[in-house]
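> got a structure for you, letters missing:
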């Protein structure tokens, strides 16, 4: 029997907002905006796209930052503004909101799968800190953490003892 | 946030919190390309980045509270020495790796308690910033605790270096627990954190880690403060010169 997939309340309410939105086409257009560092993840998958509201000729897009010092937020905001003008012919205002505080729980299940396919081990479930991190290349659980900080602030560097390849792990925060 | 909060008072408080983050971030960033080994180099640079992000959030809010047209950049780069109100502990030179991690332990223990309290602030923006930063500080604390224990309970050399580090910075730690009148007023209305209250818990946790690291708690014989009044140590001047150089040489510079 298949498990019923449980989604965090924040993601569920976000989906409702999208479904009931009067500017569904803008939400759809924003699906093509990816994280600059992880091009397989859209801002929807990553959970930082929080809301899209239409106000006559303007669209107000609300995003929530991941890490405090994340330098990608400015670029993402810029990409959003350019895309909305280009594809929807509307002005866009991007609000970077600190609430609700982003956590890795807000990465959608597809997002986590895409991370793994891309070669980045997705964040563990909260409370599963004792579980080993599986190698995204060979699947082995025989891995070790080489460094708490890797190519970006949000990732740690791991090494697989089975296939001996290094890989990034998206830290659970 | 109620209208009875004095804007000037709030501005001063938020600005000081921004300064704490900016100055420590600046000091930590000095390790970039100078780390003891590659992973630590990356780690310290990333921790510095977290602090700079924190500073941005505080400065951006302070600029809004001031409502005088100054931007976060104006606040970060455009003030004179006496207008920076960071605690002095953050501006001390980075020293050796032991000193940096000793200072970081003091700071991380403090920040985890402080930010937990601040996330209950009646000021929504401060509470939101605190909730955001608390997760990162918990991460930082894991690192600094591990390093202090490793260095303390390590070789003779690492043990003496980290002990010396604590002895040297100890007198600067008391300032963290002394609120000024401005902070006290804001604490009474539930906006700011009562830093005296944190002291007990901080002491207990700190002593436990020191014991594990086989280190001794330094004597309380001396204390230096002045940060919140803008009175700085000599080291601050070279830090400020480096921080502000580009904006002073090319005013209004943008990437």
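Sure, I can see it. What you see is a predicted model; the values in this text were computed from it and never measured.

> nearest residue to residue 105 other than its sequence neighbours?
Just going to use chain A. Excluding the flanking residues, the one nearest residue A:105 by CB to CB, 6 or more residues apart in numbering or on different chains is residue A:8, at 4.9 Å. C-beta: built from backbone N, CA, C; applies to glycine.

> Oops, wrong one, chain B.
Taking CB to CB, 6+ apart as the measure, residue B:105 lies nearest to residue B:144, with 4.2 Å between them; neighbours along the chain are not counted.

> so that neighbour touches residue B:104, yeah?
Yes: between residue B:144 and residue B:104 a contact is recorded at 4.0 Å, counting by CB atoms under 8 Å.

> ok, the residue of chain B found nearest chain A - how many residues close by?
Closest approach between chain B and chain A, counting by CB to the nearest CB: residue B:53, at 3.0 Å. The number of residues packed near residue B:53 is 23, by other CB atoms under 10 Å in any protein chain shown.

> same check, this time on residue A:83
So residue A:83, with other CB under 10 Å, has 17 neighbours.

> what does the one 3 residues further on give?
Residue A:86 has 9 neighbouring residues, counting by other CB under 10 Å.

> what do you get for the one 5 residues further on?
The tally of other residues near residue A:91 (other CB under 10 Å) stands at 14.

> Report the spatially closest residue to it, excluding sequence-adjacent ones.
Here the nearest residue to residue A:91 in space, its sequence neighbours aside, is residue A:58; by CB to CB, 6+ apart that works out to 4.7 Å.

> Could you check how far the one you found is from chain B?
According to CB to the nearest CB, to the nearest Å, residue A:58 and chain B sit 21 Å apart.

> beta partners of that residue?
For residue A:58, the beta-bridge assignment (DSSP bridges) gives partners residue A:55, residue A:91.

> so it touches residue A:92, yeah?
Yes: look at residue A:58 against residue A:92 with CB under 8 Å: they come within range, at 7.1 Å.

> More neighbours: those two, which one.
More neighbours surround residue A:92 than the other of residue A:58 and residue A:92, with 19 against 12 (other CB under 10 Å).

> Residue B:177 contacts residue B:201, doesn't it?
No: with contact defined as CB under 8 Å, residue B:177 does not reach residue B:201; the gap is 11.1 Å.

> quick one: which of those two has more around it?
residue B:177 (16 against 13).

> Where does the prediction get shaky in chain B?
Scanning chain B for pLDDT under 70 picks out B:1-5.

> Next to chain B in this structure, residues from chain A, please.
Counting by CB under 8 Å from any CB of the partner chain, the residues of chain A lying close to chain B are A:65, A:67-71, A:98-99, A:101-103, A:146-150, A:153, A:157, A:171, A:173.

> Out of these, list just those in strands.
The members of those that map onto strands under DSSP state E are A:146-147, A:157.

> just to revisit the earlier point, list the contacts for the residue nearest to residue B:105?
Shown here is residue B:144, whose contacts under the criterion CB atoms under 8 Å, 6 or more residues apart in numbering or on different chains are B:101, B:104-105, B:107-108.

> Kindly report the same for residue B:225.
When contacts are counted by CB under 8 Å, 6+ apart, residue B:225 touches B:88, B:174-175, B:178.

> Among the residues you listed, which one has the most neighbours?
residue B:88 (23 neighbours).

> right, and that residue touches residue B:232 too?
Yes: the pair formed by residue B:88 and residue B:232 meets the contact definition of CB under 8 Å, at 6.8 Å.

> Show me the common contact partners of the two, please.
When contacts are counted by CB under 8 Å, 6+ apart, residue B:88 and residue B:232 are jointly contacted by residue B:226.

> so where does the nearest residue to residue A:121 once chain neighbours are set aside fall, helix or strand?
Leaving aside its chain neighbours, residue A:121 sits nearest to residue A:169 (4.3 Å; criterion: CB to CB, 6+ apart). When elements are defined using DSSP states H and E, residue A:169 is found to belong to strand A:166-170.

> Provide the strand pairings for that strand, with the direction of each partner.
Next to strand A:166-170 in the sheet, as set by DSSP bridges, lie strand A:120-121 (parallel), strand A:155-160 (antiparallel).

> Report the secondary structure state of residue B:35.
Here residue B:35 is recorded as coil under DSSP: H, G, I helix; E, B strand; the rest coil.

> what's the neighbour count on it?
Residues lying near residue B:35 (other CB under 10 Å) number 16.

> Contacts only, for the residue nearest to it when sequence neighbours are not counted.
What sits nearest to residue B:35 in space, not counting adjacent residues and going by CB to CB, 6+ apart, is residue B:41, at 2.8 Å. Residues in contact with residue B:41, defined by CB under 8 Å, 6+ apart, are B:31-35.

> Equivalent analysis for residue A:45, please.
With contact taken as CB under 8 Å, 6+ apart, residue A:45 is in contact with A:107-108, A:110-111, A:114.
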